[in-house]
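In: Any chance you could fold what I've pasted below:
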Amino acid sequence: MSDLSLNIASDAERLPMTVPALMDRKRSGEPLVMVTCYDYPSARIVEEAGIDLVLVGDTAAMTVLGYDSTVPVTVDELLVLVKAVRRGLRSPLLVGDLPFGSYEISNEQAVATAQRFLKEGGCDVIKLEGGGVMIDRARAIASTGIPVIGHVGLTPQTATAVGGFKAQGRTAERALRVIEDAVALQEAGCCCIVFEAIPASVAEVAMDRIDIPVIGIGAGSGTDGQVLVWHDLLGLYEWGSPRFVKRYAELRPEILGALQSYATEVRAGQFPTSEYTYSIDPAELEELRKLLA
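Out: Numbers count the residues shown, from 1 in each chain. This is a model prediction of the structure:
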């Protein structure tokens, strides 16, 4: 049996994560593990690692597409990435991030965009940011039967409105607003909520009022699970990471070193050697020379 066949067999043995299973995990107390992912080979690694949820986040705008923020990325750009990840996943729940400008205008726009992420991208769930009017958008999408994940605290798509990329809910009034938004998203029909960059103690207070699973990123250990960005946790960029990121590897120096070694060997005529080339029967080679003559 080939390595690929072994991998497929292993995937088949793993029970797929489902939306109802999220609640089962919350009740059991087993933490949920979520990562962002943006392409097929990464998705295969995520699958093998046994991750529970995969978010094709609008962070792709910055980590993959080179934009200065998450704002410019379009639905069409994200759907290319979503479809690539979908092809690499079997068991994790696939979550698609609705990008800025694709759901804020009206409930109808929000539902139409969410439908594209399910129909074209193969997502299991969609995610949107914010409270306020976005609660109506979440309700409208959930009412059509599409599972929705809400997102409160630091919301990168509108970070400029709250003073940039910094922790939220650090005063009693602002913490109350975060909790009220989370409760309202739950009541609107969200199946899960992301808490981003809020004090751990505020998250703990909020958890007493939230019955659905909560996944934290910079919200302490009291949530039902954690999410980190692929490029952050693997150390793929030269710049620093947010306070809440733990780098589990430093792959950028490894990748850089490999590329530099490759360039050096090519320029020195050391690669490729015979070990990395194909051969032809000498008689066939002689026949080729005769034909050319």
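In: you'd agree residue 241 is up against residue 234?
Out: No. Using CB atoms under 8 Å, residue 241 makes no contact with residue 234, being 10.6 Å away. All C-beta spots, glycine's among them, are computed from the backbone N, C-alpha and C.
In: These two: which has the busier surroundings?
Out: residue 234 (19 against 15; other CB atoms under 10 Å).
In: Assess the claim that the more buried one and residue 246 are in contact.
Out: No. Counting by CB under 8 Å, residue 234 does not reach residue 246; the two are 11.1 Å apart.
In: any common contacting residues for residue 241 and residue 234?
Out: Taking CB atoms under 8 Å, 6 or more residues apart in numbering as the contact rule, residue 241 and residue 234 both touch residue 247.
In: where exactly do the helices run in the stretch 151-293 of the chain?
Out: For the stretch 151-293 of the chain, the helices defined by DSSP state H, counting those that start in this stretch cover 172-187, 200-207, 230-233, 251-267, 282-292.
In: Out of these, flag the one nearest residue 26.
Out: Each of the helices of the stretch 151-293 of the chain has some distance to residue 26 by CB to CB; the shortest is helix 200-207, at 10.3 Å.
In: Now find how far off-centre that closest one is within its chain.
Out: Relative to its chain's centre, helix 200-207 lies at 24 Å (CA atoms, centre = their mean, to the nearest Å).
In: Show me what it is in contact with.
Out: Contacts of helix 200-207 (CB under 8 Å, 6+ apart): 169, 175, 178-179, 182, 195, 214, 216, 219-223.
In: Can you name the residues bridging to the most centrally placed residue in the chain?
Out: Central residue of the chain (CA atoms, centre = their mean): residue 36, 2.0 Å from the mean position. Using DSSP bridges, the beta-bridge partners of residue 36 come out as residue 55.
In: ok now do it, which residues does it touch?
Out: Taking CB under 8 Å, 6+ apart as the test, what residue 36 contacts is 54, 55, 56, 57, 59, 60, 63, 227, 228, 229, 230.
In: out of the residues you listed, which is most surrounded?
Out: Most neighbours among those, by other CB under 10 Å: residue 54, with 31 neighbours.
In: which residues does that one contact?
Out: The contact partners of residue 54, by CB under 8 Å, 6+ apart, come to 34, 35, 36, 37, 43, 46, 85, 89, 92, 93, 94, 95.
In: same thing but at 10 Å, please
Out: By CB atoms under 10 Å, 6 or more residues apart in numbering, the contact list for residue 54 reads 17, 33-38, 42-43, 46-47, 85-86, 88-89, 91-96, 123-124, 227, 230.
In: Please identify the deepest-packed of the helices of the stretch 151-293 of the chain.
Out: Highest mean neighbour count of the helices of the stretch 151-293 of the chain: helix 230-233, a mean of 21 (counted as mean count of other CB atoms under 10 Å).
In: The host helix or strand of residue 25 packs against which elements?
Out: Following DSSP states H and E, one finds residue 25 within helix 19-28. The contact analysis (3 or more CB pairs under 10 Å, 6 or more residues apart in numbering; DSSP states H and E) places helix 19-28 against strand 32-36, strand 93-97, strand 192-196, strand 225-228.
In: angle of the third one against helix 19-28?
Out: In terms of direction (axes from the mean of the first three to the mean of the last three CA atoms, to 10 degrees), strand 192-196 departs from helix 19-28 by 60 degrees.
In: Adjacent strands (with direction) for strand 192-196?
Out: strand 148-153 (parallel), strand 214-217 (parallel).
In: Save those strands as JSON lines, and put in mean neighbour count and distance to residue 138 too.
Out: JSON lines is the format used below for the strands paired with strand 192-196 (neighbours: other CB atoms under 10 Å; distance: least, CB to CB, whole Å):
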{"stretch": "strand 148-153", "mean neighbour count": "28", "distance to residue 138": "5"}
{"stretch": "strand 214-217", "mean neighbour count": "25", "distance to residue 138": "15"}
